[in-house]
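1. structure, please.
(one chain, ligands or ions: 1)
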Amino acid sequence: MTVIKAESAGFCFGVNRAVNMVKELLAENTKVCTLGPIIHNMEMVEELRQKGCRPVDSIDDAQPGETLVIRSHGVPKSVTDALDQGGIPYRDATCPFVKKIHRIVADTDPERDVVLIAGNRSHPEVMGIIGNCSCACMTFNNEAELDQILPNILLQKNKQVIIVAQTTFDTKEWKKSVKKIKKLCTNAKIFDTICNATSVRQSEAEAIAARSDFMIVIGDRHSSNTNKLFEICKKQCPQTVLIETADELDVSRLRRAVNIGVTAGASTPARIIKEVLDTMSEEIKSGETTNLEESFEELLEESLENKRALFPYPSFRAIRP
Ligand code: SF4
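-> Below you'll find the model as predicted:
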């Protein structure tokens, strides 16, 4: 049995930066609240809550004396404007890669431009991008949705089409969409804003899943990038499971597998990945003993039925721990 863990599993640069920002504030004894959970991992959010950092739903919930932290997804411009106007102290942990998209869509002409965002419009990152856009914008989540919106845009002559992507957008879906846009809209300005960490994580997970007969994706079920990883792996390896913690791992499935792959979403803490690997390691070790015992029992039974002494007992003892 072999176990391959993706090197790209776990916190990405942007999530690490945001979590460290909160930890640094807590270390300075600053009271902290985050606008929404700082990452899509409830274990980590709970850990930070114990240390005095609470998630809030709105900037109006920030208490006097608290510093509000904007998470890596970023926020609409109206939110930072309201924080500035209300004199609410805050730190901005928006990932620099997301900030770059904000700059692209903010630097647009309301009369001339239309922005197309490849992404899920109900995801906070996309809501933040929409809220920084200076011109009209539309979203699409796949090629079929692009087919629905593109004809209307093409009817509006003299419009400059600008395309950006949610940083965690599926790279294959993006390539298909770009191909279509280039064909139908020759002057479109296309910005590939998919985060490199995401594409590396997705390609590595896909390659590992393709050679695995059991694939484990570790991450929070509310995390967009974890769910995408799960979908990508499932296409390559039907025996793919998504677990949030080591407790959810059905260890009996490990024993039936020959090649096991492991990856984790961008907001999965290293501690949880280690716990899963430790659980697997213990189970695989005990499974090796059990399998040997089972095969011996099966062979012994078979040999007795056939009235033949097939399996020499001394060598069985030699392989027992
Ligand atoms: S996935 Fe990429 S864009 Fe998103 S927070 Fe991580 S580093 Fe930033």
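2. so L277 belongs to a helix, correct?
-> Yes: if the criterion is DSSP: H, G, I helix; E, B strand; the rest coil, then L277 is within a helix.
3. please name the residues that touch it.
-> Contacts for L277 (C-beta atoms under 8 Å, 6 or more residues apart in numbering) come out as 3, 5, 262. Glycine gets a C-beta too; all of them are placed from N, C-alpha and C.
4. repeat for P124
-> The contact partners of P124, taken as C-beta under 8 Å, 6+ apart, are 36, 71, 73-75.
5. one more time with 7 Å, if that's ok
-> 36, 73 (C-beta atoms under 7 Å, 6 or more residues apart in numbering).
6. what does the pLDDT read for it?
-> pLDDT for P124: 94.
7. circling back to that earlier point, considering the contacts of L277, which possesses the most neighbours?
-> Counting by other C-beta atoms under 10 Å, V262 has the largest number of neighbours within the contacts of L277, with 21 neighbours.
8. need the residues of the stretch 51-200 of the chain near the ligand, please.
-> Proximity of the stretch 51-200 of the chain to the ligand, by C-beta under 6 Å from any ligand atom, involves residues 72, 95, 97-98, 167-168, 195, 197-198.
9. out of those, which are inside strands?
-> Within these, no residue falls in strands by DSSP state E.
10. just give the closest residue to whichever residue of the stretch 151-300 of the chain sits closest to the ligand, not the sequence neighbours.
-> Closest contact between the stretch 151-300 of the chain and the ligand, by C-beta to the nearest ligand atom, is at C195 (3.0 Å). Closest residue in space to C195, ignoring its immediate chain neighbours: T167 at 4.0 Å, by C-beta to C-beta, 6 or more residues apart in numbering.
11. ok, back up a step: mind putting the residues of the stretch 51-200 of the chain next to the ligand in a markdown table, neighbour count and pLDDT included?
-> Below are these laid out as a markdown table (neighbours: other C-beta atoms under 10 Å; pLDDT from 0 to 100):
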| residue | neighbour count | pLDDT |
| --- | --- | --- |
| S72 | 29 | 94 |
| C95 | 23 | 96 |
| F97 | 19 | 96 |
| V98 | 22 | 97 |
| T167 | 29 | 92 |
| T168 | 29 | 85 |
| C195 | 22 | 90 |
| A197 | 20 | 89 |
| T198 | 24 | 84 |
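12. doesn't T198 make contact with the residue nearest to C195?
-> Yes: taking contacts as C-beta atoms under 7 Å, T167 lies within contact range of T198: 6.1 Å.
13. in this structure, where is pLDDT below threshold?
-> The chain contains residues with pLDDT under 70 at 287-321.
14. swap in 80 and give it another go.
-> The chain contains residues with pLDDT under 80 at 157, 284-321.
15. now for the residue in it that the ligand sits nearest to, how many residues are close by?
-> Nearest residue of the chain to the ligand: G14, at 2.4 Å (C-beta to the nearest ligand atom). Neighbourhood size, G14 [other C-beta under 10 Å]: 25.
16. okay but it is in contact with S72, surely?
-> Yes: G14 is within contact range of S72, at 4.2 Å (criterion: C-beta under 7 Å).
17. sheet-wise, list the partners of the helix or strand where C33 lies with their directions.
-> For C33, the enclosing helix or strand under DSSP states H and E is strand 31-35. Strand 31-35 has the following strand partners under DSSP bridges: strand 53-56 (parallel), strand 66-70 (parallel).
18. show the subsequent helix or strand relative to that strand.
-> Once the chain leaves strand 31-35, the next helix or strand it forms, by DSSP H and E, is helix 42-50.
19. please save the CA atoms from that following helix in PDB.
-> C-alpha atoms of helix 42-50 as PDB (Å, rounded to 0.1, in the frame of the first residue of the first chain):
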ATOM      1  CA  MET A  42     -14.600  25.900  11.900                       C
ATOM      2  CA  GLU A  43     -12.000  24.100  14.000                       C
ATOM      3  CA  MET A  44      -9.600  27.000  13.400                       C
ATOM      4  CA  VAL A  45     -12.300  29.600  14.000                       C
ATOM      5  CA  GLU A  46     -13.100  27.900  17.300                       C
ATOM      6  CA  GLU A  47      -9.400  27.800  18.300                       C
ATOM      7  CA  LEU A  48      -9.200  31.600  17.600                       C
ATOM      8  CA  ARG A  49     -12.500  32.200  19.400                       C
ATOM      9  CA  GLN A  50     -11.000  30.600  22.600                       C
END
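20. got the buried residues for that helix?
-> 44-45, 48 (16 or more other C-beta atoms under 10 Å).
21. what residues does the strand holding C33 touch?
-> By C-beta under 7 Å, 6+ apart, the residues outside strand 31-35 that reach it are 22, 25-26, 52-56, 59, 62, 65-71, 75.
22. one more pass at 8 Å, please.
-> Residues from elsewhere that reach strand 31-35 (C-beta under 8 Å, 6+ apart): 22, 25-26, 52-56, 58-59, 61-63, 65-71, 75, 79.
23. need the buried ones from the residues you listed selected in ChimeraX.
-> Those of these that count as buried under 16+ other C-beta under 10 Å are selected in ChimeraX with:
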select :22,25,53,55,59,62,66,67,68,69,70,71,75,79
